[in-house]
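Asker: let me see the structure of the following:
(chains A and B)
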Amino acid sequence: MAILVIAEHDNASLKAATLNAVAAAAELGKAGGGEVHILVAGANCAAAAAEAAKLAGVAKVRVADAAHYEAQTAENVAALVVAAAGDYSHVVAPGTSYGKNVTPRVAALLDVAQISDVVAIESADTFQRPIYAGNALATVKSADRVKVLTVRTTAFEAAAVANEGGAAVEALAAGPDLGVAKLVGRELTKSARPELGAAKIIVSGGRGLGSGENYHKLLEPLADKLGAALGASRAAVDAGFAPNDYQVGQTGKIVAPQLYIAVGVSGAIQHLAGMKDSKVIVAINKDPEAPIFQVADYGLVGDLFELVPELTNAVG
Amino acid sequence: MKILVPVKRVVDYNVKVRVKSDGTGVDIANVKMSMNPFDEIAIEEAVRLKEAGIATEVVAVSCGLAACQETLRAAMAIGADRGILVETDVELQPLAVAKLLKALCGKEAPQVVICGKQAIDDDSNQTGQMLAALMGWPQATFASKLVIADGAATVTREIDGGLETLEIKLPAVVTTDLRLNEPRYATLPNIMKAKKKPLETVKPADLGVDVAPRLATLKVVEPAKRSAGVRVADVAQLVDKLKNEAKVI
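Answerer: Numbers count the residues shown, from 1 in each chain, chains lettered A, B, ... in the order given. Prediction:
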């Protein structure tokens, strides 16, 4: 039996999270799961499929190219995956908003459990996953015939683009258009900065910044100099300082960059749950007792309105 | 139009859970329990749709222990018209809950089911999508805006990197994200009124659903603790550490 990875892509290229899902699948393969296939469902998605063929560990790319996969709605994609699932022991998707939308539908239609947000693979049927916002780690064993999982992308290194010859690319017959959901539009935040989930450096702001104006005035120049993504605590998002998709934490994005700079972030449990796996954490806060300092590698106590511009100048 | 809203009783979001020393789970004895925050948003949205004259009835459903009655009363205090408890001592996993909800959808015939996007205990983020799949209905997950008109729902969804708007045919499942609304505080008169609203109890067997867990939890451990690092005196020292010690800039 083989392992099927559901690729996340925008028809032109793969999303970075797909590379992490492939790496997790390759690990499953080593644990006895068999070879790794990747499903690219889209419209005019040959470019994304070609990219998938170059990933280390991928044995076969299966492409379903049809107009009704253009928007990759959960209903149509899940039906396609279920139709192909007979050949597979595992179905793996990245634990992104895309993967979380589609994968449970696949599991339910196969009448199997889904294992969400896997952070470690112990064997072909035993996985570790966080519960209670990462305050506990559960090891679960599945007895289902097909194991359907989403993987936390920060827990697996991205698969290398190293398959010189390229894996076989094979067409997969499209399923029917269920026609029950229609994409009206997408409004993606336009930014020259890296995506939060994939950034090597994140500059994140909390309520200590005081206003949305301060958030932008202080953090943007620093993020620009470092080539960093911008993040925010839930408190800052709730206060309207930053848009919701900047939110890092239990209810927002889970990130693990090389460097996480928390500015005016107190360090509520729910925020820590989203960033505590970062390699290096810097905290800048005027309150020396703030819980963020308990997880910070480097803590700087003081007035962020002075320290952040000073830091911006110093890293130039 | 009837709206069904599943609500889950979970450890309150302000509680820091502790892993049991024998590694069998987290200790929830004598811990404050509340309605899952995302479900509270779901109830609020359903009640607003009723207040706007779009929905005619809001039915809250909870699956689990007898104590889930409190969660249903809380939902009715926000404005749900009645409650259904599917009572069982069995540990319920998302697929089992989706099957119970499917059976109730068969009986109640709602046009919309509004679920929280995930419960803050097991963090699965599955039940709404699974229910939609089992019913053969469309879904719109992670909603930050919901408009219902002419047999369809137009839903703005929070996706990675921005927003997406979907139009889905009813009946359908919608799952809530944080920004959909801010749930009201239940007033004392409404809490009193909620005590008199109808609450029906059924068992999984009455619904013909096998709720046996599919995943066995082998152990639960605490994650590795991150230890606090050092305090730096000033920006110059910080930059020096980042460049020469951590080598991250």
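
Asker: all contacts plus neighbour counts: C-alpha atoms, from now on.
Answerer: OK.

Asker: could you point out the longest strand in chain B?
Answerer: In chain B, taking DSSP state E as the definition, the longest strand is strand B:139-149.

Asker: now for that strand, which elements pack on it?
Answerer: For strand B:139-149, the contact count by 3 or more C-alpha pairs under 8 Å, 6 or more residues apart in numbering or on different chains; DSSP states H and E identifies helix B:127-135, strand B:152-159, strand B:162-169, strand B:172-176 as packing neighbours.

Asker: by mean pLDDT, point me to the weakest helix or strand of chain A.
Answerer: Taking mean pLDDT, DSSP states H and E as the measure, helix A:269-275 is the helix or strand of chain A with the lowest mean score, a mean of 88.

Asker: now the element after that helix, going C-ward?
Answerer: strand A:280-285 (DSSP states H and E).

Asker: quick one: list the elements packing against the next helix or strand after that following strand.
Answerer: Using DSSP H and E, the next helix or strand after strand A:280-285 towards the C-terminus is strand A:298-301. Here strand A:298-301 touches strand A:280-285, strand B:230-231, helix B:235-240, going by 3+ C-alpha pairs under 8 Å, 6+ apart.

Asker: strand A:298-301 pairs with which strands, and in what direction?
Answerer: Next to strand A:298-301 in the sheet, as set by DSSP bridges, lie strand A:280-285 (parallel), strand B:230-231 (parallel).

Asker: next, format these as JSON lines and append mean pLDDT, distance to residue B:175 and mean neighbour count.
Answerer: Listed next are the strands paired with strand A:298-301 as JSON lines, based on pLDDT from 0 to 100; distance: least, C-alpha to C-alpha, whole Å; neighbours: other C-alpha atoms under 10 Å in any protein chain shown:
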{"stretch": "strand A:280-285", "mean pLDDT": "97", "distance to residue B:175": "33", "mean neighbour count": "25"}
{"stretch": "strand B:230-231", "mean pLDDT": "94", "distance to residue B:175": "43", "mean neighbour count": "16"}
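
Asker: tell me which of these lies nearest to residue B:125.
Answerer: Among those, the nearest to residue B:125 by C-alpha to C-alpha is strand A:280-285 (28.2 Å).

Asker: mind putting the helices and strands packed on strand A:298-301 into JSON lines with distance to residue B:71?
Answerer: Shown next, in JSON lines, are the helices and strands packed on strand A:298-301 (distance: least, C-alpha to C-alpha, whole Å):
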{"stretch": "strand A:280-285", "distance to residue B:71": "38"}
{"stretch": "strand B:230-231", "distance to residue B:71": "44"}
{"stretch": "helix B:235-240", "distance to residue B:71": "49"}
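
Asker: partners of residue B:215 in the sheet?
Answerer: Beta-bridge pairing of residue B:215 under DSSP bridges involves residue A:142.

Asker: next up, the contacts around it.
Answerer: Residues in contact with residue B:215 (C-alpha atoms under 8 Å, 6 or more residues apart in numbering or on different chains) are A:113, A:140-143.

Asker: can you pull the contacts of the residue minimising distance to the centre of chain B?
Answerer: Compute the mean C-alpha point of chain B, and by C-alpha atoms, centre = their mean the closest residue is residue B:116, 3.2 Å away. Residue B:116 makes contact with B:6-7, B:36-42, B:128, B:175-177, according to C-alpha under 8 Å, 6+ apart.

Asker: if we use 10 Å, what do you get?
Answerer: B:5-8, B:36-43, B:125-128, B:141-143, B:174-178 (C-alpha atoms under 10 Å, 6 or more residues apart in numbering or on different chains).

Asker: please pick the buried ones from the residues you listed.
Answerer: Burial by neighbour count, 16 or more other C-alpha atoms under 10 Å in any protein chain shown: within the contacts of residue B:116 this picks out B:5-8, B:36-43, B:125-128, B:141-143, B:174-178.

Asker: hang on, residue A:306 in a helix?
Answerer: Yes: under DSSP: H, G, I helix; E, B strand; the rest coil, residue A:306 falls within a helix.

Asker: okay, now it: neighbour count?
Answerer: 10 (other C-alpha atoms under 10 Å in any protein chain shown).
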